[in-house]
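# Here is a sequence with its predicted model. Questions after.
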Amino acid sequence: NNRQSINQQQFGIKMRVSRVLCRSTQNRRHIQSLALSVHFKQPDFGMNEYEILSRASGFLLTVDPPDLTPSEGPYGHLEKSERERRLKLHKQDHRYSPAGGPANRELKDLGWLEFAPQEVRPTVHFVCSSHVLAPFLWKDYYPQDWLSKVKQEHCAYSLEVYDTESSGEALGKFALNPYPIHHPEGRDIAFIHLQQEEESLKIMKRLGVKIHEMRDLDAIYNKGDEVAFDGYVVAEQNKADYDDLTNAVAGELGSSAETEDTRIFFPYQEKGRLAYHTQDRFFAKTEKPLPEGLCGGPVLDEEGLVCGIIEGIVDKDHSNNDIAGSAAFMPNYMITPFIEYAERFMLQRILPKSLFQKAVTAKTTNSLGGGIAQGKQPNGSQHGTTTAWEEAFDRAVEQLKKNHTKEEVNAILNTIQEERNEVLDILDEEGGDLEEVAARVRRKTMEIREMIHEEYRQGQNADGTRNE
């Protein structure tokens, strides 16, 4: 289990941003992915310096959506300049920039981290494979006994930028915070974030590193659609001239031989076409099987949007010919729920408890306040174990109990339950927009109620009873 040694002066345990080896940037680069290295130092192994634990690929994913504010027309550039001017003026008088991201969106459409100013949270995620970031959590992949003694606190993480047009020394190396977020259900995806993010991103952008956006969830996939795979092969330097780098790869985990691990990163791109899918995984046929090391890299559609993350390669001898030798990737609709989970998890640790609960209420009720959704419990506290909608419902029931008899409250709650079931039945059978279906069911209820009231009034009139 001999791993490549890292100069401790360059990579201390705090992993500060290292010196960038900038080359000429006259020719604009388009770097889609970054090279990830995981270093570790386990004192029980007698280690005095950080050494390579694992290496693979990953990519930057934006937290904030693009600003789609119209800037066309003869005065579009002036409107954009005015928005930038107002933001600069705001920063002069305020410590934090406004939360909320681009304008003209409803609260329910904001990402969780958009409820916090950019100065106190990341603006990009580095997306990668969980089995690379923490191989000791994946015993089925890596059964080596010594890995069971490696923990997250022993690890440090870095990214490197390479020119996609030529191999050689990294253009820059950047440190990552040692706080990865793994998928709660054990899927092979994780987020980790840059140290000194603002300064690092400025340099990365000058080097041509792209910050990706996710493909729209409403976009339809078709068999035969072209996709692009991007990442890095980990190979011996003297094999870099091989036409087929798939044969020059020895795996993502650090070398287990008693010789120094001298492998280096080489950029690798390959195109393929969608050929097969299951509920949670897509498969694409490529001209050559993808090499190891690309796991965690982005899968891009023809518009350059992220439609997935590379998970691995199906064995060429697989019994299912439809997927044998194919590249397997996790599609965007499986990644989006993890983004929601991770960003909510982070926001809960960034904001004070009371502010976080207000953000939850705003996102789930699409309102900053007012009505029952804004109220508090009798003791002045707010629930922390139920959703804002459940809290609002509980408060509404309590209000009903104050103004109605027990029988009346039960009748109202039964009507609500019947409406809910009818809405779900319609959505299952017919589909449609939730709000429109709920409004339709509510109108039906009101029509029935009015009919009953009218029959009651007519009966009262027939008996000679006066209506008030």
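That came in fine, so what should we check first? Keep in mind the model is a prediction, meaning the values are calculated, not measured.
# Strands of the stretch 51-200 of the chain, start to end?
Along the stretch 51-200 of the chain, counting by DSSP state E, counting those that start in this stretch, strands occupy 51-62, 124-128, 155-161, 172-176, 181-182, 190-192.
# same question, the stretch 301-450 of the chain
With DSSP E, counting those that start in this stretch, the ranges of strands along the stretch 301-450 of the chain come out as 306-313, 327-331.
# what bridges to the closest residue in space to Asp322 that isn't next to it in sequence?
Once flanking residues are discounted, Asp322 sits nearest to Tyr276: 4.7 Å by C-beta to C-beta, 6 or more residues apart in numbering. Where C-beta positions appear, they are placed from N, C-alpha and C, glycine not excepted. Note on Tyr276: beta-bridge partners Phe283, judged by DSSP bridges.
# so can I have CSV of the strands of the stretch 301-450 of the chain showing mean neighbour count, mean pLDDT and distance to Pro43?
Shown next, in CSV, are these (neighbours: other C-beta atoms under 10 Å; pLDDT from 0 to 100; distance: least, C-beta to C-beta, whole Å):
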stretch, mean neighbour count, mean pLDDT, distance to Pro43
strand 306-313, 24, 94, 33
strand 327-331, 23, 95, 36
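# can you redo these as JSON lines with distance to Leu34?
Formatted as JSON lines, those follow (distance: least, C-beta to C-beta, whole Å):
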{"stretch": "strand 306-313", "distance to Leu34": "13"}
{"stretch": "strand 327-331", "distance to Leu34": "18"}
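# With respect to Met346, which of the strands of the stretch 51-200 of the chain lies nearest?
Distance to Met346, taken as C-beta to C-beta, is lowest for strand 181-182 among the strands of the stretch 51-200 of the chain, at 7.4 Å.
# which strands and helices sit next to the closest one?
Applying 3 or more C-beta pairs under 8 Å, 6 or more residues apart in numbering; DSSP states H and E, one finds that strand 181-182 makes contact with strand 190-192, helix 332-350.
# all helices of the protein, in order?
In the chain, helices defined by DSSP state H lie at 76-93, 130-133, 197-207, 332-350, 353-365, 388-403, 406-429, 434-462, listed in chain order.
# distance between the third one and the chain's centre?
Spelled out, it's helix 197-207. Taking C-alpha atoms, centre = their mean, to the nearest Å, the mean C-alpha location of helix 197-207 is offset from the chain mean by 21 Å.
# What mean pLDDT does that helix get?
Helix 197-207 comes out with an average pLDDT of 95.
# swap in the last one?
Here helix 434-462 scores 73 as its mean pLDDT.
# got a pLDDT number for the most centrally placed residue in the chain?
Residue closest to the average C-alpha location in the chain (C-alpha atoms, centre = their mean): Ile339, at 2.7 Å. If you check Ile339, the pLDDT there is 96.
# try the one 3 residues further on
Predicted confidence (pLDDT) for Ala342: 96.
# So it versus Ala328, what's the distance?
Using C-beta to C-beta, to the nearest Å, Ala342 is found at 22 Å from Ala328.
# Might you list the low-confidence residue ranges for the stretch 201-350 of the chain?
For the stretch 201-350 of the chain, applying pLDDT under 70 flags the ranges 237-261.
# Could you rerun that using 50?
For the stretch 201-350 of the chain, applying pLDDT under 50 flags the ranges 240-242, 247-250, 255-259.
# what about the residue lying closest to Pro117 once chain neighbours are set aside, how many residues close to it?
In space, and not counting its chain neighbours, Pro117 is closest to Tyr96: 3.6 Å by C-beta to C-beta, 6+ apart. Residue neighbour count, defined by other C-beta atoms under 10 Å, stands at 12 for Tyr96.
# Appreciated, that's everything.
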